[in-house]
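> I'd like to go over a predicted model; first the sequence, then the structure.
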Amino acid sequence: MSQFTYPVDIGSQHVDLPIVPLSDSLALALLITVDMGLDFMSTAGRELADLLRPFNVDIVATVATMGIPVVVEVARHLGHDHYAVLHKTPKIHLTDAISEPVRSITTKFDQRLLFDRARIDTVKGKRVAIVDDVVSTGASTGASVRLLRSIGAEVVVIGALVTEAAQWVTGLGDDAALVRSLGALPVFRPDETGAMVEDWVG
């Protein structure tokens, strides 16, 4: 591991991710899906779809924004024409949205996941896969599960390009067993010399 990047295999693809400080005591290897390129995302989507296919999902859902490239490719490779998006930013069509509170590791403030009421029938009574770029603390994923279940969806599997450390196992509780991923990352903590070292617990 270099001082500034971390090598990781995401399915069959190898990438070096930049290590970015989040605070004086924590740094993350940053995976930015919108910067990974179409070929990378197509391959990752196909490989993640292969992991999810045995669950016979009816529709795939994600959290905006970094999850959108993931859900597009997973849905495409599963042969689906539609997908569902949970938003964190209020939009004009979300003024009467179903909502669920959430706070993720990369945001300083409490947020709300929002789901368009006009889209409820796309997930209600359906077998749903939630996909995302990274499952870290499990906060966003857990909020997604709760919101979708509250409107009658059956969440049958959770897919991620990578999991990060192990806080998500506790954060998701029993739902941690639903997680399938193409790779895994640690978080990073400074040692006594100030160098960043791997922390697989979090």
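Perfect, I can see it now.
> buried sites along the helix ranked longest in the chain?
Ranked by residue count, the top helix of the chain under DSSP state H comes out as helix 38-52. Of all the residues in helix 38-52, those buried under the rule 16 or more other Cβ atoms under 10 Å are 40-41, 43-49, 51-52. The C-beta positions use only the backbone N, C-alpha and C, and glycine is treated the same way.
> and what of stretch 93-100?
Buried residues in stretch 93-100 (16+ other Cβ under 10 Å): 94, 97-100.
> could you identify the least confident member of the residues you listed?
Minimum pLDDT across those is recorded for residue 94, with 92.
> residues in contact with it?
Residue 94 makes contacts with 87, 114, 116, as judged by Cβ atoms under 8 Å, 6 or more residues apart in numbering.
> on the strand side of things, show who the first one bridges to.
When assigned by DSSP bridges, residue 87 has beta-bridge partners residue 114.
> mind checking what secondary structure residue 54 has?
Following DSSP: H, G, I helix; E, B strand; the rest coil, residue 54 is assigned to helix.
> burial count for residue 83?
21 (other Cβ atoms under 10 Å).
> wait, it touches residue 63, no?
No. The criterion here is Cβ atoms under 8 Å, and residue 83 misses it with residue 63 at 11.8 Å.
> please identify which pair of the buried residues of stretch 93-100 lies farthest apart.
94 and 100 (12.7 Å; Cβ to Cβ).
> distance of the residue nearest to residue 171 when sequence neighbours are not counted relative to residue 76?
The shortest distance from residue 171 to any non-neighbouring residue, by Cβ to Cβ, 6 or more residues apart in numbering, is to residue 138 (2.7 Å). Using Cβ to Cβ, to the nearest Å, residue 138 is found at 27 Å from residue 76.
> check residue 172 too.
Taking Cβ to Cβ, one finds residue 172 at 26 Å from residue 76.
> could you report the pLDDT at residue 64?
The per-residue pLDDT reported for residue 64 equals 93.
> any idea whether residue 143 is helix, strand or coil?
helix.
> same check on residue 137?
Under three-state DSSP, residue 137 comes out as coil.
> beta partners for the residue positioned nearest the centre of the chain?
Nearest residue to the geometric centre of the chain (Cα atoms, centre = their mean): residue 132, 2.5 Å. Per DSSP bridges, the residues bridged to residue 132 are residue 160.
> spit out the contact partners of it.
Taking Cβ under 8 Å, 6+ apart, we find residue 132 in contact with 62-63, 66-67, 70, 140-141, 158-161.
> about what we covered before: higher neighbour count, residue 172 and residue 76?
Shown here are residue 172 and residue 76; by other Cβ under 10 Å, residue 172 has more neighbours (20 against 16).
> name the residues of the helix or strand hosting the more buried one that come out as buried.
Under the criterion of DSSP states H and E, residue 172 resides in helix 167-172. By neighbour count on 16+ other Cβ under 10 Å, the buried set for helix 167-172 is 167-169, 171-172.
> check contacts around residue 119.
Counting by Cβ under 8 Å, 6+ apart, residue 119 touches residue 84.
> let's verify it: helix, strand, or coil?
Residue 119 is classified as helix under three-state DSSP.
> and it, how far from residue 144?
Residue 119 sits at a distance of 14 Å from residue 144 (criterion: Cβ to Cβ).
> much appreciated, bye for now.
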